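J.: give the three-dimensional model of this entry:
(2 chains)
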Amino acid sequence: MSNILTQTAAPADSAKPQSRNYWIGVLRRIGREKVTVVCGLILLAILLLAVLAPWVVGADPYKTSMIRRLLPIGSSGYLLGTDELGRDMIARLAYGGRMSLLIGVMPVLIAFVIGSTVGIFAGYAGGRINMAIMRLLDVFYAFPSVLLAVAIAGALGQGVSNSILALTLIFIPQLTRIAESVTTQVRSLDYVEAARMSGASSLTIIRVHILGNVLGPIFVYATGLVSVSMILASGLSFLGLGVKPPEPEWGLMLNTLRSAIYVNPWVAALPGAMIFITSMCFNLMADGIRSAMEVTE
Amino acid sequence: MSTDLLLPTAEDRGGPAQPILLVKGLRKYFPLGSSLFGRNRGAVHAVDGVDITVPKRTTLGIVGESGCGKSTTARLLTRLIEPDDGEVIFDGEAVGTHGGISIKELRRNLQLVFQDSFASLNPRMTIERAIAFGPQVHGLPAKEAVERSRDLLGRVGLEPNRFGGRYPHELSGGQRQRVNIARALAFNPRLIILDESVSALDKSVQAQVLNLLMDLKDELKLTYLFISHDLNVVQYISDHVMVMYLGQVVEVGPVEEVYRHPRHPYTQALLSAVPSLDPHHRTERTPLTGDPPNPINPPPGCRFRDRCPKAHAVCASIAPPSVVVGTDHSVACLMADPASGHPDAI
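T.: Numbers count the residues shown, from 1 in each chain, chains lettered A, B, ... in the order given. Just a heads-up that it's a prediction; the model follows:
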């Protein structure tokens, strides 16, 4: 026994700091990426602005005024101007963020749960079950996603919940496919075979060995979909399938202000700018998290 | 060292004379593609009628070039892949049949250590938890399982306080392979299959791990099935050696005997390909040329005949049976069988 212990050679590693927890390491690496941090802070600010709109913004987003229509940015009392019905743009953008973020995040969240479950199951089961599930989902891929969203939302009728449902249905196949491919990869790794060798049940193996290694990549992909969801939702509102006026929502606002683009282009571009900033931040943050989560050997 | 933290050793059922592993006619064909229209495009004959005997507390080395079915054999024996045919008897008990030993019980007694030390450890799990996972599955409470895992870490030469809480990427290849060995030991198995387990390590680390394996074998009364393509390593660790070619066993025997007097032309070619460090002892035989034939529906007769320097017309028609040529030494070559009709037969 003693001769084995003396072979505790391996001096190569003593210099390395011991990271006790994987997620702490990930957070530290995220903290080092300026872009990711800034994007996260911008998103946080937008989220707070939307959630706390009634307290932060004094103006009423529904109050119209015929004489103060389409005021330019920087008008006294209306810092970001007014829209085509004379409503305060700050208030409308802040309140609009509530609906836009909801429509952006909810479908992705629901699709994440459903897609991961189905995908991990398909990937772990493999063989014919996998084939059946994935070929079935391929049917959805035959349609362009925008067109499919419009078709589903159109069939279900106008409304916020219907457009959320339509978008969820768009994202489920995509997230399932990601979950399936990541799971298939992980499943064939030796440590899963070693776990099977231990006699553990499939459920235990999925819970202990698979979930932790696949949820990360799926989550990152899902984060990237939030921006897509927001843009699609804006598109649905733009087409009159999502949010109903006078409800403020960025996509809808972009639609109604489009007629004012020659009169007051800067105000008309504001909702678009919000969508653009939010989407960009979600995308860049997802990229940052992705690279921070990569385990390097 | 304490043994009380280990699971009770599975009892020696068959006595010392009963081989721990007895395999007869193990066979696995991987069917090729398109089953959609029921077309049969043939199959890869990965393992084709392999017989293995591993006596207790010995080491059987399996050698052969890439794709000869070594790893498939390991996965068939552990039932990670279902064999198409063949009988596996573990210490006198048939595997997976009524009245025999169950797969779960088999896997407690038979563990596998893989080649890729990084891929065989969960990157999100500390190594002490990775080792503790198996005993937990077998009903040991979490706390005791971790205690046991730390004990095992000490046994394989990794200080538990220093290494226990680390993640696989924080260890070197040799250290990770020690962890994998500890994980296999956690079940208190009686047979460990080492599938190219030291092949990815550099020479000095390889020697350390090999010595560790030899010490553990004596200490814990283990039996090894050692799969490798490295003939020197196999010679060092094995008692018996089995040479595989294209899913079949071509020669098996005591390691010294086979290395000194190889009877099969393939074994001879393999051994002559080992680089010699002695300038006076130069490689004389021409090493093998060409590639092994396609394992998809291989032709009848001897599978080695296309590359064999002594092939004869008769080799194309008769598949050479295994012939005993010495104590525990048998070879599947027509030249070893005087009645075969091969002109060089002795």
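J.: just give me the neighbour total for the nearest residue to A:Thr223 once chain neighbours are set aside.
T.: Spatial nearest neighbour of A:Thr223, excluding adjacent residues (CB to CB, 6 or more residues apart in numbering or on different chains): A:Ala286 at 3.8 Å. Yep, even glycine has a C-beta here, placed from its N, CA and C like the rest. Residues lying near A:Ala286 (other CB atoms under 10 Å in any protein chain shown) number 20.
J.: near chain A, anything from the one helix or strand B:Arg148 maps to?
T.: Assigned by DSSP states H and E, B:Arg148 falls within helix B:142-155. Yes - using CB under 8 Å from any CB of the partner chain, we find that helix B:142-155 touches chain A at B:154-155.
J.: immediately after that helix, which helix or strand?
T.: With DSSP H and E, the next secondary element past helix B:142-155 is helix B:160-163.
J.: is any residue of that next one near chain A?
T.: No - counting by CB under 8 Å from any CB, chain A has no neighbours in helix B:160-163; the shortest distance is 8.7 Å.
J.: now find how far off-centre whichever helix or strand comes after that helix is within its chain.
T.: Note on helix B:160-163: by DSSP H and E, the next helix or strand toward the C-terminus is helix B:173-185. Here helix B:173-185 is found 17 Å from its chain centre; the criterion is CA atoms, centre = their mean, to the nearest Å.
J.: quick one: helix B:173-185 to helix B:142-155, angle?
T.: 130 degrees (axes from the mean of the first three to the mean of the last three CA atoms, to 10 degrees).
J.: and the next helix or strand past helix B:173-185?
T.: Beyond helix B:173-185 toward the C-terminal end (DSSP H and E), the next one is strand B:191-195.
J.: and that next one, does that touch chain A?
T.: No - Strand B:191-195 stays clear of chain A (CB under 8 Å from any CB), getting no nearer than 9.3 Å.
J.: what distance do you get for B:Asn188 to chain A?
T.: 13 Å (CB to the nearest CB, to the nearest Å).
J.: swap that for B:Arg190, sorry
T.: From B:Arg190 to chain A the distance is 14 Å (CB to the nearest CB).
J.: tell me the contacts of the closest residue to B:Val258 other than its chain neighbours?
T.: Distance criterion CB to CB, 6+ apart; nearest residue to B:Val258, sequence neighbours excluded, is B:Val241 at 5.1 Å. Shown in contact with B:Val241 (CB atoms under 8 Å, 6 or more residues apart in numbering or on different chains): B:60-63, B:234-235, B:252-255, B:258-259.
J.: rewinding a little: for the helix holding B:Arg148, packing partners?
T.: Counting contacts by 3 or more CB pairs under 8 Å, 6 or more residues apart in numbering or on different chains; DSSP states H and E, helix B:142-155 packs against helix B:127-137, helix B:160-163, helix B:173-185.
J.: how about those helices in a markdown table, adding mean neighbour count and mean pLDDT?
T.: A markdown table is the format used below for the helices and strands packed on helix B:142-155 (neighbours: other CB atoms under 10 Å in any protein chain shown; pLDDT from 0 to 100):
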| stretch | mean neighbour count | mean pLDDT |
| --- | --- | --- |
| helix B:127-137 | 25 | 92 |
| helix B:160-163 | 16 | 92 |
| helix B:173-185 | 26 | 93 |
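J.: got CSV for those, with distance to B:Val198 too?
T.: As requested, the helices and strands packed on helix B:142-155 are exported to CSV (distance: least, CB to CB, whole Å):
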stretch, distance to B:Val198
helix B:127-137, 19
helix B:160-163, 20
helix B:173-185, 7
